[in-house]
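Participant: Fold the stuff below for me.
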Amino acid sequence: MHFKYLSEIIKIVAACRSRLAQISPYVSRAVPVVALICFLAWCVTTMRPDFDSDDANPEILNTAWCLANGGSIYHDIKFPPYSFAAYPPIYYAVAALPMKWTGLNYLPAKLITLIFTISIGFAFVYLGRLWHKMPRDGIWMAFLCLLIPAVLYNVTRSHPQMMAVALSIWSLVFFSKNRWFPTLVVSPLLAVLAFYTKQSQIVLPLAMVLYLALRNRRWLLPYVAVGGVGGLIPLLWLQHETEGYFLFNVLRLADLPYSLEKISDVLLQWVAPIIFFVILGIFALWRRFQKRLWEPIDFYLALLFPITIISLGRAGSHSQYVVELVIVALLYLLRTAELPDFNGRSVLKMLQLVALMCYTLVFVFVDSVPRNLASIKASEKIYKTIEAMPGPILSQQGSFALLYFILPFVLFDWWFCSARALILGVYLLPCAVVLPKGLDRPMRMALAGFVLVMAVFTIQYRQISKFSPEIENIVRIGESVPAGSRVLPICGYSAGFANPLHHAWAYLVLSRDIVSPYYSAAGKPKTGGGRFRALRYRPGVLEASGSLPWIDESEVRRECSVSDEHCNLTVERLMPIFGKYDRLLLVHPSGRLLDVIQSRLKLQRREGNIYLFSIPI
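Facilitator: Numbers count the residues shown, from 1 in each chain. The predicted structure follows:
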């Protein structure tokens, strides 16, 4: 019975194919309009001089501000302010220059990012004219690029990603001129600038070296020589000026933990909205390689795709990790004339564009804009509070936990980020029935993508459901802690407090005047001594203070997992630090650690797998 209804639906959809194809021009014309509306709404709510909702941006701005005041940004972390510069110096230096006149302000850094984003649009136009004598196609593709949430999220960030990607794209543009000076001088130097903006920008020069090795070996040595000398000279100078701390900061300290589980999460949220266009690009790439139609952009995309996917498992991976991939994928579709031309699979392309426009409108006007406005409103209240409040204040990577007064919005966002996955699957389902006489490879891949999206959504839904009672438990415990208490939290699994439980605890700390450090243990460098993102403060308001000690969670977990003796010795060594606090909060402790703590401290309250111990004076 159900199969009978399904076959009827397939027939109806197949009969509508011609009509769907007829409206494709209107869908194409709607793309620039929707992209412009979303872009303007995004800029209005994010281009603020004194506020940013992303927790990484204040840390980057704070480093640029330190440089603007003549400070050193590459140094050891054993002394205040216990922070490090995670990126090479170009973006910091460019953002620091205008702040010498504007003072501590987000606008210069955000305007720099916006300018380089616009320059990527000009690259689309130029390449559209170079490849097809059609700059109009490049303009349309530039608007489509702005419609992608991963790009839109980064267009006004005080973050080096868009600047680095823009320099790489323009390196490709000059390389594609196929003339001696732009290809062998300007292009490698731009690639070097991109690398010294963000150290992950290595794919473009590697791809160009591979292309020259296979297609034009006469130019290989000059390209490598210019790029090698251009990269080595600033490296030697930076190492000398920073006493070796440049590489220590941007390589060792920036080497974050890795987890394969995170890859699906980032793909689902930031790549899946254009999954069909990515699949289309991959198959176009495969066909061109079979025909030996090798061009620089073919090698660029061929290397970029696997390297990007692998990199998504790093802790902290977010939209910026996929920006280069989605932009290069669109450039590749422009090169192969798959877009904006609707000839060939026009219905499928139209469905992808409609789904993308709907998705981005929801992303901007339902998810992001209300949250940004609520955060801006809350931040004003927080600033007034912290300016008059003495002593240590909880903050996250230089930005204050803006969950104060807006916890319902945050809870909504946790659910909504995963619930958006439903939209990703909706447009793939009709794709499965628009071709009743069988499916070609891209269609089969689209169906596989649909199954993958729904599978990952199911996993994420289970994870979100698991967190709901955990959040309730930590809220119950937090509400039982008297105001002004000093609480040391220890998490028993490797994610630390960088998860929804941390945000819930941050809300309780702010609302109940609890003193509690925020730290994120990220392993120990070989030189010894833990590295932490420890207590951070709003620049210009408070001085860094070492009044609250903290511990290396990863070391505690490691030592307590060896044996009972190691666990006892570890806790004994930590008892003087515990003594600086009134209470100890254990979140998902191992059985061994829990037994040792229970033998030394009095259990005050337990909710699920979260324990609160009182510490005697």
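
Participant: Where do the helices of the stretch 201-350 of the chain begin and end?
Facilitator: Secondary structure of the stretch 201-350 of the chain, counting by DSSP state H, counting those that start in this stretch: helices at 203-215, 220-241, 245-247, 261-266, 275-290, 296-311, 323-335, 346-362.

Participant: what's in contact with the longest one?
Facilitator: Read it as helix 220-241. Contact with helix 220-241 is made by 74, 89, 183-185, 187-189, 191-192, 195-196, 205, 208-209, 212-213, 246-247, as judged by C-beta atoms under 8 Å, 6 or more residues apart in numbering. (C-beta placed from N, C-alpha, C; glycine too.)

Participant: Next: the shortest one.
Facilitator: For helix 245-247, the external contacting residues (C-beta under 8 Å, 6+ apart) are Tyr74, His75, Asp76, Pro88, Leu235, Leu238, Gln239.

Participant: picking that back up, please pick the buried ones from the contacts of helix 220-241.
Facilitator: By neighbour count, with 16 or more other C-beta atoms under 10 Å, the contacts of helix 220-241 hold 74, 89, 183-185, 187-189, 191-192, 195-196, 205, 208-209, 212, 246 as buried.

Participant: still on that earlier bit, closest to Val481 among the contacts of helix 245-247?
Facilitator: When the contacts of helix 245-247 are compared for distance to Val481 (C-beta to C-beta), Asp76 comes out closest, at 35.2 Å.

Participant: That closest one - nearest residue in space that isn't next to it in sequence?
Facilitator: Using C-beta to C-beta, 6 or more residues apart in numbering and skipping residues adjacent in sequence, the residue nearest Asp76 is Tyr245, 6.5 Å away.

Participant: how close does the one you found get to Asp255?
Facilitator: Relative to Asp255, Tyr245 is positioned 15 Å away (C-beta to C-beta, to the nearest Å).

Participant: Who has more neighbours out of the two?
Facilitator: Neighbour count, other C-beta atoms under 10 Å: between Tyr245 and Asp255, Tyr245 has more, with 21 against 15.

Participant: Tell me the confidence at the more buried one?
Facilitator: Confidence at Tyr245, expressed as pLDDT, is 89.

Participant: now swap in the one 10 residues further on and tell me
Facilitator: Residue-level confidence at Asp255 comes out at 75, pLDDT.

Participant: what about Leu603, which helix or strand?
Facilitator: Using DSSP states H and E, Leu603 maps to strand 602-607.

Participant: per-residue confidence averaged over that strand?
Facilitator: Averaged over strand 602-607, pLDDT sits at 87.

Participant: Would you mind pulling up the elements that that strand packs against?
Facilitator: When contacts are defined as 3 or more C-beta pairs under 8 Å, 6 or more residues apart in numbering; DSSP states H and E, strand 602-607 packs onto helix 441-480, strand 610-614.

Participant: May I have the strands that pair with the helix or strand following the longest one, each with its orientation?
Facilitator: Moving toward the C-terminus from helix 441-480, the next helix or strand (DSSP H and E) is strand 487-491. Take DSSP bridges as the rule and strand 487-491 pairs in its sheet with strand 583-587 (parallel).

Participant: could you check the angle strand 602-607 makes with the strand it pairs with?
Facilitator: Here the directions of strand 583-587 and strand 602-607 differ by 40 degrees (axes from the mean of the first three to the mean of the last three C-alpha atoms, to 10 degrees).

Participant: Name the next helix or strand following strand 583-587 along the chain.
Facilitator: Using DSSP H and E, the helix or strand that follows strand 583-587 in sequence is helix 591-600.

Participant: list the buried ones in that next one?
Facilitator: The neighbour-count check on helix 591-600 (16+ other C-beta under 10 Å) flags Arg592, Leu593, Leu594, Val596, Ile597 as buried.

Participant: Equivalent analysis for stretch 126-133, please.
Facilitator: Within stretch 126-133, the residues scored as buried using 16+ other C-beta under 10 Å are Tyr126, Leu127, Gly128, Leu130, Trp131.

Participant: do stretch 330-348 as well
Facilitator: Within stretch 330-348, the residues scored as buried using 16+ other C-beta under 10 Å are 330-336, 338-342, 345-348.

Participant: Compute the first-to-last residue distance for that stretch.
Facilitator: 16 Å (C-alpha to C-alpha, to the nearest Å).

Participant: Skipping adjacent residues, who's closest to His75 in space?
Facilitator: Spatially, and ignoring its direct neighbours in sequence, His75 is nearest to Tyr245 (5.4 Å; C-beta to C-beta, 6+ apart).

Participant: how close does that neighbour get to Ile77?
Facilitator: From Tyr245 over to Ile77 the distance is 9 Å, taken as C-beta to C-beta.

Participant: Now for Ala68: which residues touch it?
Facilitator: Neighbouring residues of Ala68 by C-beta under 8 Å, 6+ apart: Ala96, Leu97, Met99, Lys100.

Participant: Phi first, then psi, for Glu243.
Facilitator: Backbone torsions for Glu243, taken as degrees, to the nearest 10, come to phi 60, psi 40.

Participant: Apologies, that question was intended for Ser158.
Facilitator: Main-chain torsions, Ser158, degrees, to the nearest 10: phi -90, psi 70.

Participant: Then Ile73?
Facilitator: Here is the backbone geometry of Ile73 (degrees, to the nearest 10): phi -100, psi -20.

Participant: Near it, how many other residues are there?
Facilitator: Neighbourhood size, Ile73 [other C-beta under 10 Å]: 22.

Participant: same thing with His240?
Facilitator: The tally of other residues near His240 (other C-beta under 10 Å) stands at 10.

Participant: what separates it from Val186, distance-wise?
Facilitator: 27 Å.

Participant: Tell me which helix or strand in the chain has the weakest average pLDDT.
Facilitator: Here the helix or strand of the chain ranked lowest by mean pLDDT, DSSP states H and E is helix 407-419, holding a mean of 36.

Participant: Which residue ranges of the stretch 51-200 of the chain form helices?
Facilitator: Going by DSSP H, counting those that start in this stretch, the stretch 51-200 of the chain shows helices at 57-68, 89-102, 106-132, 135-146, 149-154, 161-176, 180-181, 187-195.

Participant: Quick one, which of those gets closest to His318.
Facilitator: Nearest of the helices of the stretch 51-200 of the chain to His318, taken as C-beta to C-beta: helix 149-154 at 8.2 Å.

Participant: what helices or strands is the closest one leaning on?
Facilitator: Helix 149-154 is packed against helix 24-46, helix 106-132, helix 323-335, helix 346-362, with contacts defined by 3+ C-beta pairs under 8 Å, 6+ apart.

Participant: mind redoing it with 7 Å?
Facilitator: Contacts defined by 3 or more C-beta pairs under 7 Å, 6 or more residues apart in numbering; DSSP states H and E place helix 149-154 against helix 24-46, helix 323-335.

Participant: hmm, which of the contacts of Ala68 are the buried ones?
Facilitator: Buried members of the contacts of Ala68, counted by 16+ other C-beta under 10 Å: Ala96, Met99.

Participant: okay, the contacts of Ala68 in TSV with pLDDT and distance to Lys177 next?
Facilitator: Output for those, formatted as TSV (pLDDT from 0 to 100; distance: C-beta to C-beta, whole Å):
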residue	pLDDT	distance to Lys177
Ala96	93	33
Leu97	93	30
Met99	90	35
Lys100	88	36
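
Participant: what's the distance between the closest residue to Val185 other than its chain neighbours and Leu172?
Facilitator: Nearest non-adjacent residue to Val185, counting by C-beta to C-beta, 6+ apart: Val226, 5.8 Å away. Distance of Val226 to Leu172, computed by C-beta to C-beta: 16 Å.
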